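**Student:** After the sequence you'll find the predicted model.
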Amino acid sequence: MSAEKNPSTAANGGTNAAAEGSELIKFDNVTKRYGSNVVLDNLCFDVSPGKHVTLIGPSGSGKTTILRLLMTLVKPDEGTIKVAGEYLSHEERNGKLVPAGEKHSREVRKNIGMVFQQFNLFPNMKVLRNITEAPVHVLGLGKDEAEQRARELLEMVGLTDHIDKYPTQLSGGQQQRVAIARALAMRPQVLLLDEVTSALDPELVAGVLDVLRDIAHSTDITMLCVTHEMNFARDISDDVLMFDAGRVIESGAPEKIFTDPEHERTREFLSAVL
Ligand SMILES: Nc1ncnc2c1ncn2[C@@H]1O[C@H](COP(=O)(O)OP(=O)(O)OP(=O)(O)O)[C@@H](O)[C@H]1O
């Protein structure tokens with residue numbers, strides 16, 4: 001099957017019949033409202049396993065809401081989301097689709113790890129325990145196995161020397177690299193990245209992006225990334241989705257979107273941020 005016939009991403013009505021059934025993430029006519037504000041408008045897109053997809057677009061266009069939906073921090077008003085073939089906010093009961101219970105959503109969500117803008121580390125735990133806590137208590141891993149995995153991940157993010165420190169003893173960039181290791185420790189199939197460098201001092205941004213580039217290029221993890229770092233997006237993305245007012249107005253390979261966008265709104269947005 002050629003790459004042309006099997007695009008990793010198909011957005012807002014795009015056809016992806018060749019990949020039907022093999023998507024890791026599938027948004028099907030998802031609408032999300034806050035009051036009368038339609039934040040996502042009948043959104044369809046899917047992501048194939050191993051692909052790195054970046055969401056770009058103006059402030060308020062709905063990018064973070066997509067990640068929040070995937071973490072089940074909010075629920076869709078209409079439409080469905082599937083992760084690894086399972087409904088996320090719905091479950092099938094007696095042949096009918098009903099809102100999912102927390103147990104079902106939690107199981108499906110185990111496939112997903114997220115790194116937030118604000119790191120969200122446990123302040124009262126040292127670095128090692130920040131990383132082992134969920135594998136031990138959620139996945140049921142033995143302490144030794146969890147610690148070994150944590151050490152490997154800390155090596156990968158360049159923080160082996162900081163294993164015994166508390167988060168407050170680390171720079172923002174180091175804390176964010178711990179947060180990345182913590183997310184990966186759960187061995188998720190999907191890694192969500194929400195503006196992970198926007199809370200960092202400028203001199204710390206490159207170190208975090210280098211770690212993420214390395215992960216993107218050396219692992220088979222699927223990434224869904226919201227970022228204003230356009231060079232980073234260009235480096236790691238298989239596909240870029242351009243959002244405007246809750247819809248994908250354009251999608252494609254980064255070379256196309258960043259150098260020859262079709263939509264006037266994309267051109268305006270890129271000229272403001274590049
Ligand atoms: N909890 C909430 N209650 C009400 N409105 C909300 C809430 N969360 C988000 N919104 C609104 O939803 C819209 C989309 O927000 P979202 O954070 O998804 O946009 P975004 O594209 O990620 O923006 P940014 O690039 O600024 O982070 C915005 O109009 C925002 O004000």
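**Tutor:** Structure received. Numbering: from 1, shown residues only.
**Student:** how far away is Ser89 from the ligand?
**Tutor:** 16 Å (CB to the nearest ligand atom, to the nearest Å). In short, each C-beta sits where N, CA and C put it, glycine included.
**Student:** count of neighbours near that residue?
**Tutor:** By other CB atoms under 10 Å, the residues close to Ser89 number 21.
**Student:** How about Asn37?
**Tutor:** Using other CB under 10 Å, the number of residues around Asn37 comes to 9.
**Student:** Give me the phi and psi angles of it.
**Tutor:** phi -80, psi 110 (degrees, to the nearest 10).
**Student:** Per-residue pLDDT of it, please?
**Tutor:** Note for Asn37: predicted pLDDT of 95.
**Student:** Which strand residues bridge it?
**Tutor:** Tyr34 (DSSP bridges).
**Student:** Over to Val98?
**Tutor:** Residues in beta-bridge contact with Val98 (DSSP bridges): Glu91.
**Student:** Hmm, His90 and it touching each other?
**Tutor:** Yes - contact between Val98 and His90 holds when scored by CB atoms under 8 Å: they sit 6.5 Å apart.
**Student:** Need the three-state assignment for Leu121.
**Tutor:** coil (DSSP: H, G, I helix; E, B strand; the rest coil).
**Student:** Please name the residues that touch it.
**Tutor:** 130, 167, 175, 178-179, 182 (CB atoms under 8 Å, 6 or more residues apart in numbering).
**Student:** out of Val98 and His90, which sits in the more crowded spot?
**Tutor:** More crowded of Val98 and His90, by other CB under 10 Å: His90, with 20 against 12.
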